[in-house]
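*Asks:* what shape does this take:
(one chain, ligands or ions: 1)
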Amino acid sequence: MIKEVFLGISGGIAAYKACTLIRLLKKAGIGVKVVLTKNAFEFVTKITIETLSQEPCCFELFANPNEMTHLKSRKLADVFVIAPATANVIAKLACGLADDLLTSSFLAYEGPKLVVPAMNSGMYNNPVTLENIEKLRSRGIEILGPDKGVLACEDVGIGRMVEPELILQKIKVMSYPKLPLQNKKILITAGGTREKIDSVRVITNLSSGKLGHNLAHMAALMGAKVSLVTTCKSALINPEIKDICYVESSEDMYKEVLARMKNIDCLYMAAAVSDFVLKEERLSKIKKQDELVLDFKKNRDILAKVGELKKQQKLIGFCLEDQNLEAAAKDKLQRKNLDYIVANKSEVIGKDIRSVQIYDKSGLVQAIDKADLLEISYQLLKLML
Ligand SMILES: Cc1cc2nc3c(=O)[nH]c(=O)nc-3n(C[C@H](O)[C@H](O)[C@H](O)COP(=O)(O)O)c2cc1C
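*Replies:* I've put the predicted structure just below:
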């Protein structure tokens, strides 16, 4: 568990997003000590940082020479994060320069380190910056991002700082022992499908897609090659997930899963696929009327099809019921040729803390009681090893 973060902020436009990161860390019950470069104060103020972190922030190397401020991070923090990290700071870190409080503290710090680059695409794509980032990575320093998108200078390209919510997620993932997922290929489905009723209406369910997305992020952050087939278009996606496919209906999901499953080591089918579809889809909008009766038929079963086609792949299914959960889970596991099934009660939908049970053909493998989504994801990823 991470209790205390040392956060370095350098002088890039994304420094304003570091304020949100401080808020999120505090909200998660994690203490934050902030150290800034002199240039960072061109972008954020001391009063903002100190109000949000509820701690004095530091920036002067020689302010209190007797206290040796640059050595404090060694004892005080579980992880040292620099977000945003400018091209300039990255270059200094790569060379071991220590000419201000941030770089001196980073050099002295002996624990886990995370650097989150943010800069214009030209600066990022310059071979010297790419080389500097690789140098840091090769020394065991974790790098997160940058992301692609619209940059502050209005260019579109690579260089955006990864969103604060995803930096917090990465910090939490860093507290878990690494799983050997390097180059493992994992396919994850997430979210509730939307089946057309007419040209403007759909039938769907309350699935939030949160567990599938947490699973995808944790796997990608631990080095797996993740394909995420999801209905959740507005969810934040870590740039470590290279193959992301947005779908609406179960028919789209079926096609995308089948197209990918051949080269996959493990499938986590966490999406809530509609059990029913309209017998006959109406092509134009149904007029408002006093009563409406719609005829539904059983939908095609993606999980059963994958279970039928699978060869060496491990297949993990999910089961959600109000009653007789264990019996339903065991039955589904057998019928659909799954390796494991994760059983949930319907009350967990959308929740951040959940209890789940995992079964295999021999019975209960693990009962997870009131754990957060990252902890559940970690336990689920262990199943594929
Ligand atoms: C408006 C403005 C925005 C900038 N944004 C970035 C940025 O996003 N990333 C970056 O690496 N440098 C950026 N720079 C350049 C840095 O501020 C400059 O390299 C500075 O020396 C960095 O100092 P520091 O690394 O000590 O904080 C920006 C400069 C200006 C004037």
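
*Asks:* mind saving the C-alpha coords of the strand or helix carrying Val128 as CSV?
*Replies:* Element membership for Val128, per DSSP states H and E: helix 127-138. Backbone C-alpha positions of helix 127-138 (Å, rounded to 0.1, in the frame of the first residue of the first chain) are rendered in CSV as follows:
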residue,chain,number,x,y,z
PRO,A,127,16.1,11.4,-30.8
VAL,A,128,17.9,12.9,-27.8
THR,A,129,14.7,12.9,-25.7
LEU,A,130,13.7,9.4,-26.8
GLU,A,131,17.2,8.3,-26.0
ASN,A,132,17.1,10.0,-22.6
ILE,A,133,13.7,8.3,-21.8
GLU,A,134,15.2,4.9,-22.8
LYS,A,135,18.2,5.5,-20.5
LEU,A,136,15.8,6.1,-17.6
ARG,A,137,13.8,3.0,-18.4
SER,A,138,16.9,0.9,-18.7
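
*Asks:* point to the helix or strand of the protein where mean pLDDT is at its lowest.
*Replies:* Every helix and strand of the chain was ranked by mean pLDDT, DSSP states H and E. The lowest is helix 73-76, at a mean of 64.

*Asks:* helices and strands around the helix or strand just after the helix holding Val128, which ones?
*Replies:* Tracing the chain past helix 127-138, the next element assigned as helix or strand by DSSP H and E is strand 142-143. Judged by 3 or more CB pairs under 8 Å, 6 or more residues apart in numbering; DSSP states H and E, the packing partners of strand 142-143 are strand 113-117, helix 127-138. For the C-beta atoms, the positions are set from N, CA and C on the backbone; glycine is no exception.

*Asks:* pairing partners for strand 142-143, with directions?
*Replies:* According to DSSP bridges, strand 142-143 has the following sheet partners: strand 113-117 (parallel).

*Asks:* near the ligand, anything from the next helix or strand after the strand it pairs with?
*Replies:* Remark: after strand 113-117, the chain's next helix or strand is helix 121-125, criterion DSSP H and E. Yes - Helix 121-125 lies within reach of the ligand by CB under 6 Å from any ligand atom, at Met123.

*Asks:* for stretch 165-178, give the mean pLDDT please.
*Replies:* Average pLDDT, stretch 165-178: 96.

*Asks:* swap in stretch 315-325?
*Replies:* So the average pLDDT for stretch 315-325 ends up being 93.

*Asks:* can you give me how far that stretch is from the chain middle?
*Replies:* How far stretch 315-325 lies from its chain's middle: 24 Å, per CA atoms, centre = their mean, to the nearest Å.

*Asks:* follow-up on the earlier one: figure out which of the helices and strands packed on strand 142-143 is closest to Ala343.
*Replies:* strand 113-117 (35.1 Å; CB to CB).

*Asks:* tell me the angle of the closest one relative to helix 127-138?
*Replies:* Here strand 113-117 runs at an angle of 160 degrees relative to helix 127-138 (axes from the mean of the first three to the mean of the last three CA atoms, to 10 degrees).

*Asks:* pLDDT score for the residue of the stretch 101-250 of the chain found nearest the ligand?
*Replies:* Residue nearest to the ligand within the stretch 101-250 of the chain (CB to the nearest ligand atom): Met119, separated by 3.5 Å. Listed pLDDT for Met119 reads 96.

*Asks:* wait, it sits on Ala91?
*Replies:* No - between Met119 and Ala91 there is no contact under CB atoms under 8 Å: 11.1 Å.

*Asks:* list residues touching both of these two?
*Replies:* Common contacts of Met119 and Ala91 (CB atoms under 8 Å, 6 or more residues apart in numbering): Thr129.

*Asks:* those two: who's more crowded?
*Replies:* Using other CB atoms under 10 Å as the criterion, Met119 and Ala91 rank with Met119 on top: 27 against 16.

*Asks:* which ones are touching the more buried one?
*Replies:* Per CB under 8 Å, 6+ apart, neighbours of Met119: 12, 84, 86-87, 129, 146, 159.

*Asks:* let's go with 7 Å and repeat that
*Replies:* By CB atoms under 7 Å, 6 or more residues apart in numbering, Met119 lies in contact with 12, 86-87, 159.
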